[in-house]
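Visitor: next comes the sequence, and after it the predicted model I'd like to discuss.
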Amino acid sequence: MFRSTAIACALMSTAAHASAQTTLNFDALAHGQMIVPSLFASSNVTIEAENFRVANAMPIAFDTTLFATADPDLTGPPWGGGNLPQDMVLGNVIIVPENLVDANNDGIVDSPDDEGARPAGDLTFRFAEAIDSFGFDVVDIEGVVQELTTVDFYVGGALLGTLDFADLTTPGADFYDPTISFGNNSINRVAPVTAADFGGTRFDTVIIRLGGSGAFDNIVTTIPAPTSGALLVLSGLVASRRRR
């Protein structure tokens, strides 16, 4: 009986840990480092990029603390606005690059800069284990109806729902956040969007469709806790083994 109960408790403990919230940042990378899809596989996610003007693009890291770069709009502190502290040291962010020039062939882009064309491209996050929430920090979304940027949430290849950046600053919209202020060199935190916001329970792919320039950091995700039904199965396992 003790052994069976211990097994069930271990399973419940594992289930409880599965609901933990995690935050992914890019501070361990070099400025300009190319992010191959599998780089963060151990963190439950692969990351890809598409630039509509650059073939075979991939996301790259950009160090926001450097002031001698090709894009001063991504540099701070100080920052130019937004709902995060203007003296916040953000560190590295990820961008859809406007070029992949790597003269040294060392996997580091020589002059990192984000794609500024409209539209710019996509950042795709694919999760090995489905999640139920997704939040992030965003840098330098300049306006123009939030540059027509959207975030699409998919489960099993089907679109579950869409967050339109314009809704973040539109009073009365479902995702309106009065603290968010977009603009040049701004930094904002977008609160986690949940699968329940779209009437679902989880999603496995998130695509940020960039209408223009922009960068992202501090990707916050949560893997759903087991359903009550799963916990009932575990409880039933304990009761059954006790009867035996």
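Guide: Yep, it's here.

Visitor: leaving out chain neighbours, which residue sits closest to the residue most central in space within the chain?
Guide: Taking CA atoms, centre = their mean, the centroid of the chain lies closest to Ile219, which sits 3.7 Å from it. Spatial nearest neighbour of Ile219, chain neighbours left out: Leu24 (4.3 Å); criterion: CB to CB, 6 or more residues apart in numbering. For glycine as for every other residue, the C-beta is placed from the backbone atoms N, C-alpha and C.

Visitor: quick one: contacts for that neighbour?
Guide: By CB atoms under 8 Å, 6 or more residues apart in numbering, Leu24 lies in contact with 40, 43, 45, 218-221.

Visitor: could you check how far the closest residue to Thr201 other than its chain neighbours is from Ile208?
Guide: Closest residue to Thr201 apart from its sequence neighbours, by CB to CB, 6+ apart: Ala195 at 5.4 Å. Distance of Ala195 to Ile208, given as CB to CB, to the nearest Å: 17 Å.

Visitor: show me where this protein has its helices.
Guide: For the chain, the helices defined by DSSP state H occupy 2-17, 165-168, 228-243.

Visitor: longest strand in this protein, by residue count?
Guide: In the chain, taking DSSP state E as the definition, the longest strand is strand 121-131.

Visitor: how far away from the center of its chain is stretch 64-72?
Guide: A distance of 22 Å separates the centroid of the chain from that of stretch 64-72, by CA atoms, centre = their mean, to the nearest Å.

Visitor: now the end-to-end length of that stretch.
Guide: 9 Å (CA to CA, to the nearest Å).

Visitor: name the residues of it that are buried.
Guide: Under the neighbour-count criterion of 16 or more other CB atoms under 10 Å, stretch 64-72 has 64, 69, 71 buried.

Visitor: identify the residues contacting it?
Guide: So stretch 64-72 is contacted by 31, 62-63, 74-76, 89-93, 111-114, 139, 185, 213, 215 (CB under 8 Å, 6+ apart).

Visitor: of those residues, buried ones?
Guide: By 16+ other CB under 10 Å, these give 31, 62-63, 74-76, 90-93, 112-114, 139, 185, 213, 215 as buried.

Visitor: any chance you could map the strands in this protein?
Guide: Along the chain, counting by DSSP E, strands occupy 21-24, 45-51, 60-63, 92-95, 121-131, 133-139, 150-155, 158-164, 187-194, 203-210, 215-222.

Visitor: Asn83 is nearest to which of those?
Guide: The closest of the strands of the chain to Asn83 is strand 187-194. By CB to CB, the value is 5.1 Å.

Visitor: now the phi/psi pair for the closest residue to Pro112 other than its chain neighbours, please.
Guide: In this structure, Pro112 finds its nearest non-sequential neighbour in Gly32, 4.2 Å apart by CB to CB, 6+ apart. The phi/psi pair for Gly32 (degrees, to the nearest 10) reads phi 90, psi 0.
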